[in-house]
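Pasting a predicted model and its sequence here:
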Amino acid sequence: MPLTQEPSPRSEPAPRRPRQRRKEARPGEIIDAALALWAEQGFAATRLEAVATRAGIAKGTIYLYFPSKEALFEAALRDRIGGTLASVGAQLPELEGSLEAELGLLLHAIYDRLLETDSAALLKVLIGEGHRFPGLVELYREVALASGLGMVRRILERAAQRGELRLPPEAVDPRMVVAPAIAAAVWRMLFGVGPSLDRTAYEKAHLDLVLRGLLVEPCSTTQSP
């Protein structure tokens, strides 16, 4: 009689290893967690260990990426604000070449960052705790203000070369060009979202006001429908 073969034992599939996140993604996840905690409880009250817990990593791991809260704040600032300004700067040469188009692009990006994303937490830290952390204020001045206001100056200079301005660009304080956006961000921090601040209408009115004050002739934004 032929020998019957015993069925070979079914090989069990190898256990799946827990899926691990790429190390490159961790700094972004840590920044997300930090901004959420700073918005909730402030900069001083937030420990790096708490940020690590919110980001879902071991408490000691965070120090491999950010040795201090100040370093984490700088990374968040350069990622959120610095990255946005760099993106706007890269898009400016592609526009049709008008003050309305260039300034509209910059202001729209600022409103998006300060009103619609977690970047508002950076401004909240500075307003509420800047007196305790002057280094953060100087960092914001260097990364955000200097770059942003410098971009406004360059936009105005190009507009003057095209003959669009009714006054020399050096007579315009760039802070006055962007100030309404900062005011809107502070307003929303204090009073929240509601009918008191319609972002779309407010942004359009902001651009319209600036263009009316700067342009030799009205543009499409200032014309009544």
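In hand now; what should we look at? What you are looking at is a predicted structure, and each value in this text was computed from that prediction instead of being measured.

helix or strand for the residue nearest to Ala58 when sequence neighbours are not counted, which one?
Computed as C-beta to C-beta, 6 or more residues apart in numbering, the closest residue to Ala58 that is not its neighbour in sequence is Ala52, at 6.7 Å. Heads up, the C-betas are built off the backbone N, CA and C, glycines and all. Of the helices and strands defined by DSSP states H and E, Ala52 is found in helix 48-55.

Return the distance of that helix from the chain's centre.
When distances are taken as C-alpha atoms, centre = their mean, to the nearest Å, helix 48-55 is centred 21 Å away from the chain's centroid.

Not including adjacent chain positions, what is the nearest residue to the residue most central in space within the chain?
With distances taken as C-alpha atoms, centre = their mean, the residue of the chain nearest its centroid is Arg80 (3.4 Å). Of all residues not flanking Arg80 in the chain, Ser119 sits nearest, at 4.2 Å (C-beta to C-beta, 6+ apart).

Could you do Gly56 as well?
Of all residues beyond its chain neighbours, the one nearest Gly56 is Glu29 (7.3 Å), with distances taken as C-beta to C-beta, 6+ apart.

Show me which positions of the helix holding Ala52 end up buried.
For helix 48-55, burial by neighbour count (16 or more other C-beta atoms under 10 Å) applies to Leu48, Ala50, Val51, Ala52, Arg54, Ala55.

before we move on, the earlier item: the residue nearest to Gly56 and Arg54 touch, don't they?
No. Using C-beta atoms under 8 Å, Glu29 is not in contact with Arg54, being 9.2 Å away.

Just the helices from the chain, written as ranges.
Along the chain, counting by DSSP state H, helices occupy 26-41, 48-55, 62-65, 69-77, 83-91, 99-116, 120-129, 134-140, 146-161, 174-191, 199-214.

I'd like the ones you listed laid out as a markdown table, including distance to Leu167.
Formatted as a markdown table, the helices of the chain follow (distance: least, C-beta to C-beta, whole Å):
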| stretch | distance to Leu167 |
| --- | --- |
| helix 26-41 | 39 |
| helix 48-55 | 47 |
| helix 62-65 | 48 |
| helix 69-77 | 33 |
| helix 83-91 | 24 |
| helix 99-116 | 13 |
| helix 120-129 | 30 |
| helix 134-140 | 29 |
| helix 146-161 | 9 |
| helix 174-191 | 13 |
| helix 199-214 | 7 |
